[in-house]
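Everything below, folded, please.
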Amino acid sequence: MLDKKTFTIGVLTLSAVILAVANILAPSPVTASYNSVKDNSDFQMQTATAVGGGDALYVTEGRSGIMAVFTFDPTRKTLLLQDAQPVQNAFAKAISNLKR
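You can find the predicted model right below:
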């Protein structure tokens, strides 16, 4: 028969093996890397942290100069368009603040 000490060591060893296997087989969490993408096309894409939390995708169309900002809505599992404006609008506000 097994004594109490041997039984406890056996249960703890079995628990350690189960936890080690679960740790190895657990899926890795998804992480976003904040990179910029530009090639010879007319579009540039940049990811950043959104003000309200989460991630935002900035897409700039090179010919027209329009920048669109998309965020991910986890409840609907869709991208939402937050705003689309010419890039010059952002610089116009910054320049007007400098002139004051």
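
hey, which helix or strand in this structure has the poorest pLDDT?
strand 36-38 (a mean of 61; mean pLDDT, DSSP states H and E).

Name the strands paired with the helix or strand following it and say parallel or antiparallel.
Sequence-wise, the next helix or strand downstream of strand 36-38 (DSSP states H and E) is strand 43-49. Paired strands of strand 43-49, with direction, are strand 36-38 (antiparallel), strand 55-61 (antiparallel) (DSSP bridges).

Poorly predicted segments of this protein, please.
1, 30-40, 100 (pLDDT under 70).

ranges for the helices of it?
4-25, 87-99 (DSSP state H).

Name the residues that touch the last one?
Counting contacts by CB atoms under 8 Å, 6 or more residues apart in numbering, the residues outside helix 87-99 that touch it are 60, 65, 66, 67. C-beta: built from backbone N, CA, C; applies to glycine.

List buried residues within those.
Buried members of the contacts of helix 87-99, scored by 16 or more other CB atoms under 10 Å, are 60, 67.

Relative to residue 19, how far out is residue 26?
Here residue 26 is placed at a distance of 10 Å from residue 19 (CB to CB, to the nearest Å).

That should have said residue 57, apologies.
In terms of CB to CB, residue 57 sits 38 Å off from residue 19.

Packed most tightly, which of the strands paired with strand 43-49 would that be?
strand 55-61 (a mean of 16; mean count of other CB atoms under 10 Å).

neighbouring contacts of that strand?
For strand 55-61, contacts defined as CB under 8 Å, 6+ apart pick out 32, 42-50, 66-72, 79, 82, 87.

got the angle for that strand vs helix 87-99?
100 degrees (axes from the mean of the first three to the mean of the last three CA atoms, to 10 degrees).

May I have strand 55-61 as PDB, with CA atoms only?
C-alpha atoms of strand 55-61 as PDB (Å, rounded to 0.1, in the frame of the first residue of the first chain):
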ATOM      1  CA  ASP A  55      -5.300  49.700 -32.000                       C
ATOM      2  CA  ALA A  56      -6.000  52.000 -34.900                       C
ATOM      3  CA  LEU A  57      -5.100  51.600 -38.600                       C
ATOM      4  CA  TYR A  58      -4.200  54.700 -40.600                       C
ATOM      5  CA  VAL A  59      -4.500  54.400 -44.300                       C
ATOM      6  CA  THR A  60      -3.200  57.200 -46.500                       C
ATOM      7  CA  GLU A  61      -3.900  57.300 -50.200                       C
END
